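>>> Have a look; sequence and predicted model below, questions after that.
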Amino acid sequence: EDNDNIDRGIVIGKLSIPAQLIDDAIKYIPFIAPVLAFFTYEEIVKIFDFVIELVANNNWKAVDGGVFSLQTLTPAINGIVLPTASILFATLSGTTITTLRQRQLDIRTCLNKEASEIRILQATVDCYPSSTTTEELDFQDKCRAYLIQYTARLITESQPEAVLSNLKNKGFMESEMNGFIVQLNEMATQPPSTAKSLPNPIILSESFGVISRLNSYRSTRISALQSTFPALHFLIVFALGGSICLVFLMETDQKILIFLNAVQLRLLWSILIGTLTSLGTVCYDLSQPFRGSYQIASSIDQLYTIREVLRASDRLKKYKRLGNEYENEHIESSMNGESPSFFLEELENEYDNEHFENPMSGFP
């Protein structure tokens with residue numbers, strides 16, 4: 001099934017959010033959030049004071065604007081709570097970014113290796129036994145078909161996570177390479193009478209080696225795709241970041257401080273919100289390998305080229321077979337005064353003009 005034009009998006013319930021909308025939001029949030037924080041700081045402080053007073057349910061009111069209360073809390077805040085939350089937040093954030101980035105690099109490396117191995121296997125397929133008629137598919141046709149389907153599978157598996165999640169119940173380690181191995185085994189067990197029509201044993205051995213490496217790279221890539229942090233991990237990081245913001249509001253909850261340094265506090269609050277928001281968007285972006293700014297989708301482009309080369313080779317072989325059948329059936333006749341061999345040449349030229357007018361990179 002061709003998945004070239006898959007609508008890349010995230011489905012939430014019955015609502016589908018286009019991926020492009022999410023990417024644009026991720027780009028602009030780190031710039032919008034600090035601006036909003038700057039202009040809404042005083043309102044947030046008022047809400048914070050209201051919640052604290054509501055929860056505390058005090059029957060008295062501080063006449064010093066909360067200065068004495070803050071002085072009694074400062075040792076506990078700066079000595080225990082803030083260092084603990086900051087160190088844990090920095091550790092988890094650094095681990096998250098490093099792990100997610102390494103995951104992307106592992107997936108990119110595996111995709112590039114798989115593409116290289118497919119090119120090698122494509123060259124060996126041309127050496128497999130091939131018939132000159134269209135009555136039945138030969139080893140070369142079957143193996144090339146498996147190779148085309150496997151390349152299409154790689155393209156499908158390299159779509160955004162929302163599309164990838166739909167394939168998790170179909171068995172990730174089942175692939176067209178299993179059928180390819182069956183064809184190789186059939187070739188390797190052919191009777192001695194057909195040995196002349198079989199490929200060199202070295203080519204068969206190389207084919208088995210390529211398939212083994214492909215399965216290994218695919219297993220590594222699928223494991224990397226499936227290995228990510230659970231939602232609880234990001235929830236903990238978010239809670240730690242929120243606790244740092246809460247400590248800032250507590251430290252600056254003094255009417256005299258807000259009165260004298262309102263602009264400075266707005267700037268500090270904007271810097272804090274902007275930093276935490278940027279960190280969150282980076283983590284989200286890295287968690288989506290094939291979408292966003294930190295994406296590796298460019299590695300998939302070569303797979304489209306490889307698949308088109310395989311399809312073109314398959315079509316060209318079919319054209320040649322049709323020409324051979326015509327030449328065999330009408331060897332004594334001619335068409336419009338032209339010999340059958342000339343008709344075959346015209347047939348190939350027509351195919352070349354139709355399918356190779358704008359040749360893609362990588363075509364032989």
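In hand now; what should we look at?
>>> Okay, helices next: where are they in the stretch 201-350 of the chain?
All helices of the stretch 201-350 of the chain, identified by DSSP state H, counting those that start in this stretch, fall at 201-226, 231-251, 255-260, 262-286, 301-329, 340-355.
>>> same question, the stretch 51-200 of the chain
Using DSSP H, counting those that start in this stretch, helices in the stretch 51-200 of the chain cover 67-76, 82-125, 139-157, 161-164, 177-188.
>>> between those helices, which gets nearest to Ser313?
Ser313 lies closest to helix 139-157 among the helices of the stretch 51-200 of the chain, at 6.8 Å (C-beta to C-beta). Yep, even glycine has a C-beta here, placed from its N, CA and C like the rest.
>>> Return the per-residue confidence for the residue nearest in space to the middle of the chain.
Residue closest to the mean C-alpha point of the chain, counted by C-alpha atoms, centre = their mean, is Phe290 at 2.9 Å. pLDDT, Phe290: 85.
>>> Same question for the one 4 residues further on.
Tyr294 carries a pLDDT value of 84.
>>> Now do the nearest residue in space to Gly179 that is not next to it in sequence against Ser175, distance only.
Closest residue to Gly179 apart from its sequence neighbours, by C-beta to C-beta, 6 or more residues apart in numbering: Tyr146 at 5.1 Å. Going from Tyr146 to Ser175 by C-beta to C-beta, to the nearest Å gives 9 Å.
>>> next one: Val237
Separation of Val237 from Ser175 (C-beta to C-beta) stands at 36 Å.
>>> wait, doesn't the residue nearest to the centre of the chain sit right on Thr156?
No: using C-beta atoms under 8 Å, Phe290 is not in contact with Thr156, being 11.4 Å away.
>>> Run through the stretch 201-350 of the chain and note the low-pLDDT ranges.
By pLDDT under 70, the weakly predicted segments of the stretch 201-350 of the chain are 256-257, 259-260, 321-350.
>>> Let's see that with 50 instead.
By pLDDT under 50, the low-scoring segments of the stretch 201-350 of the chain are 332, 335, 340, 342-343.
>>> Enumerate every residue touching Ser158.
Shown in contact with Ser158 (C-beta atoms under 8 Å, 6 or more residues apart in numbering): 111, 290, 297, 299-300, 303.
>>> ChimeraX command to pick out the buried ones of those residues?
The buried subset of the contacts of Ser158, as determined by 16 or more other C-beta atoms under 10 Å, is captured in ChimeraX by this line:
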select :111,290,299,300,303
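>>> out of the contacts of Ser158, who's nearest Leu121?
Using C-beta to C-beta, these come closest to Leu121 at Leu303, 13.5 Å.
>>> Hmm, that closest one is touching Leu154, no?
Yes: contact criterion C-beta under 8 Å: Leu303 and Leu154 qualify, at 5.4 Å.
>>> element containing the nearest residue to Ser278 once chain neighbours are set aside, please.
Nearest residue to Ser278, sequence neighbours excluded (C-beta to C-beta, 6+ apart): Pro30, at 4.2 Å. Assigned by DSSP states H and E, Pro30 falls within helix 19-39.
>>> Going by neighbour count, which residues in that helix are buried?
19, 22-23, 26, 29-30, 33-34, 37-38.
>>> now Gln183: how far from Glu157?
For Gln183, the distance to Glu157 - C-beta to C-beta - is 23 Å.
>>> swap that for Ile222, sorry
Distance from Ile222 to Glu157, counting by C-beta to C-beta: 7 Å.
>>> Check Phe229 too.
Where Glu157 is concerned, Phe229 sits at a distance of 20 Å (C-beta to C-beta).
>>> Compare the two (neighbour count), which wins?
A direct count of neighbours by other C-beta atoms under 10 Å for Phe229 and Glu157 places Glu157 higher, at 21 against 17.
>>> Isn't Gly280 up against Phe238?
Yes: between Gly280 and Phe238 there is a contact at 7.4 Å, judged by C-beta under 8 Å.
>>> Next, show the common contact partners of Phe290 and Thr156.
Contacts common to Phe290 and Thr156, judged by C-beta under 8 Å, 6+ apart, are absent.
>>> What about Leu246, how many residues nearby?
Using other C-beta under 10 Å, Leu246 has 13 neighbouring residues.
>>> check contacts around it.
By C-beta under 8 Å, 6+ apart, Leu246 has no neighbours at all.
>>> what separates it from Ile52, distance-wise?
11 Å.
>>> same check, this time on Asn200
82 Å.
>>> what touches both of Leu303 and Leu154?
Common neighbours of Leu303 and Leu154 (C-beta under 8 Å, 6+ apart) are Leu111.
>>> Pull the residues that contact the helix holding Pro30.
Residues from elsewhere that reach helix 19-39, judged by C-beta under 8 Å, 6+ apart: 8-10, 160, 266-267, 269-274, 277-278, 281, 284-285, 291-293.
>>> so that helix versus helix 262-286, what angle?
With axes from the mean of the first three to the mean of the last three C-alpha atoms, to 10 degrees defining the directions, helix 19-39 sits at 160 degrees from helix 262-286.
>>> what angle do helix 19-39 and helix 231-251 make?
Going by the same axes, to 10 degrees, helix 19-39 makes 20 degrees with helix 231-251.
>>> Distance from helix 19-39 to the middle of the chain?
Computed by C-alpha atoms, centre = their mean, to the nearest Å, the chain-centroid distance of helix 19-39 equals 23 Å.
>>> Likewise for stretch 275-287?
With C-alpha atoms, centre = their mean, you get 17 Å for stretch 275-287.
>>> Can I get that stretch in CSV, CA atoms only?
Extracted C-alpha coordinates of stretch 275-287, given in CSV (Å, rounded to 0.1, in the frame of the first residue of the first chain):
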residue,chain,number,x,y,z
THR,A,275,13.6,29.4,29.5
LEU,A,276,11.3,26.7,30.8
THR,A,277,9.0,27.0,27.8
SER,A,278,12.0,26.7,25.4
LEU,A,279,13.1,23.6,27.2
GLY,A,280,9.7,22.0,27.0
THR,A,281,9.4,22.7,23.3
VAL,A,282,12.9,21.2,22.6
CYS,A,283,11.9,18.0,24.5
TYR,A,284,8.7,17.7,22.6
ASP,A,285,10.4,18.4,19.3
LEU,A,286,13.1,15.8,20.0
SER,A,287,10.5,13.2,20.9
